[in-house]
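Visitor: Sequence first, predicted model second:
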Protein chains: 2
Amino acid sequence: MILVLGHVTARPEHFDEVLKLSHQHVERSRAEPGCIAHAVHRDTENPLRLVFVEKWSDMAALQAHFRVPASREFGRALATMASEPPELELFDANVISAGG
Amino acid sequence: MILVLGHVTARPEHFDEVLKLSHQHVERSRAEPGCIAHAVHRDTENPLRLVFVEKWSDMAALQAHFRVPASREFGRALATMASEPPELELFDANVISAGG
């Protein structure tokens, strides 16, 4: 599985728009092949900072996701509304355990 | 690296207490050996749901973290204030790439 952690800190005047576009991106991504999970969260220590947690079946699926024109537009839009450049971390991840 | 994704959904009347204890747990955990990152976020689709993202240097460090009495007390306290059992996913994770 490929795990993606992404974050962006919005400029205050753009936060609502960044959140709206992020939700649209999440919904769109969940429908793409190989997307296991995709969600966006708000940092409790910095409410302008959004954190994406994504699970993809494999690198090919993630690369296809990056090539979707709407993904690229989303990335470009975020960059214009962010107070610092958005960042992405990609991990090759194997489940050790899951549960309560 | 070991990546941990945890989540808990608080009962509404306990949300403030769950968030306070979560922040204390994050601060305590960041000071433990082998903790690379530890943070708590609020799901933008369900504001009662908190999501933890943690990075640990290795499994030994994470196991030591689980044995810290305050970690165990935190887990027990969360369980009593949650609307569904808290869950943890552990991943053996290798960085593929990181950056903007």
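Guide: That came through fine.
Visitor: From the centroid of chain A, which residue is nearest?
Guide: Chain A has A:F52 as the residue nearest its centroid, 3.9 Å off, counting by C-alpha atoms, centre = their mean.
Visitor: I'd assumed it was in a strand, is it?
Guide: Yes: assessed with DSSP: H, G, I helix; E, B strand; the rest coil, A:F52 lies in a strand.
Visitor: and the closest residue to it other than its chain neighbours, bridged to which residues?
Guide: Leaving aside its sequence neighbours, A:F52 sits nearest to A:G6 (C-beta to C-beta, 6 or more residues apart in numbering or on different chains; 3.8 Å). No exception for glycine: its C-beta is placed from N, CA and C like everyone else's. Per DSSP bridges, the residues bridged to A:G6 are A:F52, A:L88.
Visitor: Could you tell me which residues of chain A lie near chain B?
Guide: Selection of chain A residues close to chain B by C-beta under 8 Å from any C-beta of the partner chain yields A:1-3, A:5, A:19, A:22-23, A:39-45, A:50-51, A:53, A:59, A:85-100.
Visitor: Check chain A for the residue nearest chain B and tell me.
Guide: Proximity of chain A to chain B (C-beta to the nearest C-beta) peaks at A:H41, 3.5 Å away.
Visitor: Pairing partners for that residue in the sheet, please.
Guide: For A:H41, the beta-bridge partners are A:V51, B:D43 (DSSP bridges).
Visitor: isn't it right next to A:E54, touching?
Guide: No: in this structure, A:H41 is not within contact of A:E54 by C-beta atoms under 8 Å, at 11.5 Å.
Visitor: which residues of chain A fall in strands?
Guide: Applying DSSP state E to chain A gives strands spanning A:2-10, A:35-43, A:49-56, A:82-99.
Visitor: What ranges in chain A fall below the confidence cut-off?
Guide: Counting by pLDDT under 70, chain A has low-confidence residues at A:100.
Visitor: got a list of what the residue nearest to A:V8 when sequence neighbours are not counted touches?
Guide: Closest residue in space to A:V8, ignoring its immediate chain neighbours: A:P86 at 3.9 Å, by C-beta to C-beta, 6+ apart. By C-beta atoms under 8 Å, 6 or more residues apart in numbering or on different chains, the contact list for A:P86 reads A:6-8, A:75, A:78-79, B:100.
Visitor: what about the closest residue to A:I36 other than its chain neighbours, neighbour count?
Guide: Of all residues not flanking A:I36 in the chain, A:K55 sits nearest, at 3.9 Å (C-beta to C-beta, 6+ apart). By the criterion of other C-beta atoms under 10 Å in any protein chain shown, A:K55 has 20 neighbours.
Visitor: now A:G6
Guide: 18.
Visitor: Thought A:L88 was touching it, still the case?
Guide: Yes: with contact defined as C-beta under 8 Å, A:G6 counts as touching A:L88 (4.7 Å).
Visitor: Same list, the strands of chain A, but as TSV with distance to A:F66 please.
Guide: Below are the strands of chain A laid out as TSV (distance: least, C-beta to C-beta, whole Å):
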stretch	distance to A:F66
strand A:2-10	10
strand A:35-43	12
strand A:49-56	10
strand A:82-99	9
